[in-house]
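Colleague: Provided below for reference: sequence and predicted model.
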Amino acid sequence: MPPRTNAKKVKARAKAKAKAKAKVQAEADENKPTFDVPEKGTSFDALPEELQLKILRLALFEDADEDKSTRAKALSVERLKRPAVVPNRCEEEELNLVYQEHNVPEGITRALTAVAAAARLATVSKGLRTLATDERLWAEPLETLAPLYGAGKKEPPHPFNAWETNKHIDPRHSDAWPSMPSFQKYEKLLSHVRRLCVDYVKGIKCWTDVYSCDCTDHARNAWESPLPGYVRTGKRFDNYWEEIFTDNVTFRVLYNLFGTGFRDGPTEPGFWALINYMKRDSTCLLDRVMEDDDIELKFAEMCRDELVGQGYLRRAGAPEPDETPFLSKW
């Protein structure tokens, strides 16, 4: 015979549970943003201006519902991370395929799409032009984007001439910048950042072969004469160039070595030399930069860190790693 249950207690518990659930739902409904829904058949032009701007914001920006930090992260250029497995040179995917999108942040691409859509709307009517370029739509996105990228200097580093390479000078150095509306500033800064991303990738690809040899020289020194605090692991290799500093690895090391130019500004000498890779003065400037004691030391450290990350060296007293995080950061 089944045990007897207290029907009243069971019923009371169920009632209390339903009441608590209803309370939570009521609080959620209360905090949910609402709009004053216009009557059926009301045209867009007849809507209140604030509601029109809300509709446009949701239509233009895919990340309109995200918080500011999430949007900022999507707009940022970040260091390239080492893959879990670093293949040999003969097995790795070609650089053209790996970086076919030129490593442009997804947020930059989305923002440029929003700007293009707003520009098209602005051609429909005078009213839509006023709305689509309204300061209330673009001031906050500009405020999020601008601090992520340094303006650098107004003049390029010697021996470059400003008139030869003005396409890479930050638009914020323009005399007209203060008087521009936020919509125009946002478009110009986004286009500038995308241009930097594209030319930086193209420039590094031009130098990968040369610096693969320099990477192997630094790695040989780190392997044959480990610094205090580093020891060899049991992992072996036959060829630095074929197995460790392949094209993709060298590309990543160079990208991370000079990638601070996104943060500090495009006129940082190493970054500038790479984005202006087609100019005759690029080689001279890059050679001079690589001879700088601080840059040379950082480059050597990054090559040593690559040996650690790939498991050929480890810090004394640390376990032999399957994958060590990249030690040098921007």
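Modeller: Noted; the coordinates are in hand.
Colleague: rest of the way, CA atoms for contacts and neighbours
Modeller: OK.
Colleague: in this protein, which spans are helices?
Modeller: Using DSSP state H, the helices of the chain run over residues 7-31, 49-60, 68-75, 95-98, 106-121, 126-132, 135-145, 182-224, 247-258, 260-264, 269-275, 281-290, 293-309.
Colleague: in contact with residue 296, which residues?
Modeller: Contacts for residue 296 were tallied using C-alpha atoms under 8 Å, 6 or more residues apart in numbering; they are residue 290.
Colleague: residue 198 too?
Modeller: Counted by C-alpha under 8 Å, 6+ apart, residue 198 has contacts 102, 103, 104.
Colleague: tell me the contacts of the first one?
Modeller: Spelled out, it's residue 102. By C-alpha under 8 Å, 6+ apart, the neighbours of residue 102 are 197, 198, 201, 202.
Colleague: looking at these, which has the most residues close by?
Modeller: The residue in those with the most neighbours, by other C-alpha atoms under 10 Å, is residue 201 (23 neighbours).
Colleague: any idea how far the closest residue to that residue other than its chain neighbours is from residue 89?
Modeller: Once flanking residues are discounted, residue 201 sits nearest to residue 102: 5.8 Å by C-alpha to C-alpha, 6 or more residues apart in numbering. According to C-alpha to C-alpha, to the nearest Å, residue 102 and residue 89 sit 21 Å apart.
Colleague: so who does residue 272 touch?
Modeller: Shown in contact with residue 272 (C-alpha under 8 Å, 6+ apart): 156, 157, 261, 266.
Colleague: could you report the neighbour count for residue 308?
Modeller: Using other C-alpha under 10 Å, residue 308 is surrounded by 25 other residues.
Colleague: hang on, I meant residue 246
Modeller: Applying other C-alpha under 10 Å, we find 25 residues neighbouring residue 246.
Colleague: quick check on it: phi, psi?
Modeller: Main-chain torsions, residue 246, degrees, to the nearest 10: phi -80, psi 180.
Colleague: who are the neighbours in contact with the residue nearest to it when sequence neighbours are not counted?
Modeller: Once flanking residues are discounted, residue 246 sits nearest to residue 89: 5.1 Å by C-alpha to C-alpha, 6+ apart. Counting by C-alpha under 8 Å, 6+ apart, residue 89 touches 241, 242, 243, 246, 247.
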